[in-house]
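[1] Fold the following for me, if possible:
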Amino acid sequence: MESTLDCIVCFVRQALDAARMVSADSSVHEEIVREVLQWTAAMDLRMPPPVLGQRIHRRLRKISGNRDPYRAIKAQSNRMALELMPDLKKAVEAAPASLIMALRLALAGNVIDMGVSSTISSADIQGAVDTALTEPLVGPLATFRLALHEAHNILYLADNAGEIVFDRLLIEQLGPERVTVAVRGAPVINDATLEDATEAGLDDFVSVVDNGSDAPGTLLEDCSETFRRRFDSADLIIAKGQGNFESLSSAKRNIFFLFKVKCSVIASHVGLPQGTHVLAMPKIQAPVHENS
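    Purely as a prediction, here's the structure:
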């Protein structure tokens with residue numbers, strides 16, 4: 001997916017929010033914003049948004065001297081999500097269609113995105129869960145079920161810390177023995193890393209690897225050779241979040257994207273309203289609801 005002029009506004013806003021989080025020095029804030037404005041003036045809009053996002057957050061980490069500025073926030077997100085797990089598991093077990101309920105709750109976790117909002121509370125997460133239970137789930141569910149039935153080797157591309165706790169519910173429905181979960185290879189924003197996967201308890205029941213990259217998405221050319229081999233050999237890929245959609249939406253693979261439409265750029269790209277809960281393929285099909 002290419003970047004747009006509207007993405008530039010988001011880059012600057014995200015950079016300022018992040019700069020204020022890592023430093024109280026207004027001169028640092030100004031330095032970062034001015035650099036980002038220079039970069040956006042020269043950027044190739046044909047590149048996906050995570051390319052510049054990676055550059056921005058590398059610079060923030062260098063200026064702050066902090067390898068993982070969002071570490072405390074990520075740990076808090078994991079804790080808040082884990083507190084909800086007993087009730088969420090009961091909801092999946094009690095649901096007439098447990099796979100659909102697990103999909104809905106995995107989508108609820110997608111609200112934990114510091115690239116979109118600089119603060120996330122337990123009330124926000126609970127609100128996302130409540131919304132996910134009633135919001136239509138749009139996408140080719142029948143095709144997804146068939147792909148699951150035929151897959152032997154599933155690669156699950158995680159998104160954010162906290163969110164990966166919700167992913168546990170879906171992975172349990174997929175069959176952990178055939179799933180490998182991939183997280184980021186180094187910290188970027190609040191994206192999940194191996195440390196977060198451990199905090200979420202994922203490594204207790206499923207294979208977890210990192211992709212070797214610090215991009216807030218999956219830029220295959222920036223990922224490790226080991227990860228790319230896994231990507232190429234997977235029967236089925238499930239990719240969580242907008243960053244993975246932005247970077248892989250043109251990939252010619254058997255991919256299903258699972259995310260909430262959080263901005264007008266993505267809404268325009270997929271042809272669905274902002275706020276929609278989406279199960280999409282690289283070329284999104286006509287909306288099909290959970291009774292399909």
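[2] and Asp167, how far is that from Cys223?
    As judged by Cβ to Cβ, to the nearest Å, Asp167 and Cys223 stand 19 Å apart. To be clear about C-beta, it is placed using only N, CA and C from the backbone, and glycine gets the same treatment.
[3] Gly241 too?
    Taking Cβ to Cβ, one finds Gly241 at 16 Å from Cys223.
[4] between the two, who's got more neighbours?
    Taking neighbours as other Cβ atoms under 10 Å, Gly241 and Cys223 compare with Gly241 leading, 27 against 20.
[5] so how far is Ala19 from the more buried one?
    23 Å.
[6] okay, now Met1: neighbour count?
    Using other Cβ under 10 Å, Met1 has 21 other residues around it.
[7] Also Ala280?
    Neighbour tally, Ala280, other Cβ under 10 Å: 24.
[8] Tell me the buried residues in the helix-or-strand element of the chain with minimal mean pLDDT?
    Ranking every helix and strand in the chain by mean pLDDT, DSSP states H and E puts helix 122-132 at the bottom, with a mean of 80. Buried residues in helix 122-132, counting neighbours by 16 or more other Cβ atoms under 10 Å, are found at Ile125, Ala128, Val129, Thr131, Ala132.
[9] Which strands or helices does that helix pack on?
    Judged by 3 or more Cβ pairs under 8 Å, 6 or more residues apart in numbering; DSSP states H and E, helix 122-132 is in contact with helix 71-94, helix 98-108.
[10] Make TSV from the ones you listed and add distance to Val209, mean neighbour count and mean pLDDT to it.
    Output for the helices and strands packed on helix 122-132, formatted as TSV (distance: least, Cβ to Cβ, whole Å; neighbours: other Cβ atoms under 10 Å; pLDDT from 0 to 100):
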stretch	distance to Val209	mean neighbour count	mean pLDDT
helix 71-94	19	17	92
helix 98-108	19	23	93
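[11] okay, those helices in TSV with distance to Asp204 next?
    Shown next, in TSV, are the helices and strands packed on helix 122-132 (distance: least, Cβ to Cβ, whole Å):
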stretch	distance to Asp204
helix 71-94	13
helix 98-108	18
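[12] right, and these - which one's nearest Arg145?
    Comparing these against Arg145 with Cβ to Cβ, the closest turns out to be helix 98-108 (7.4 Å).
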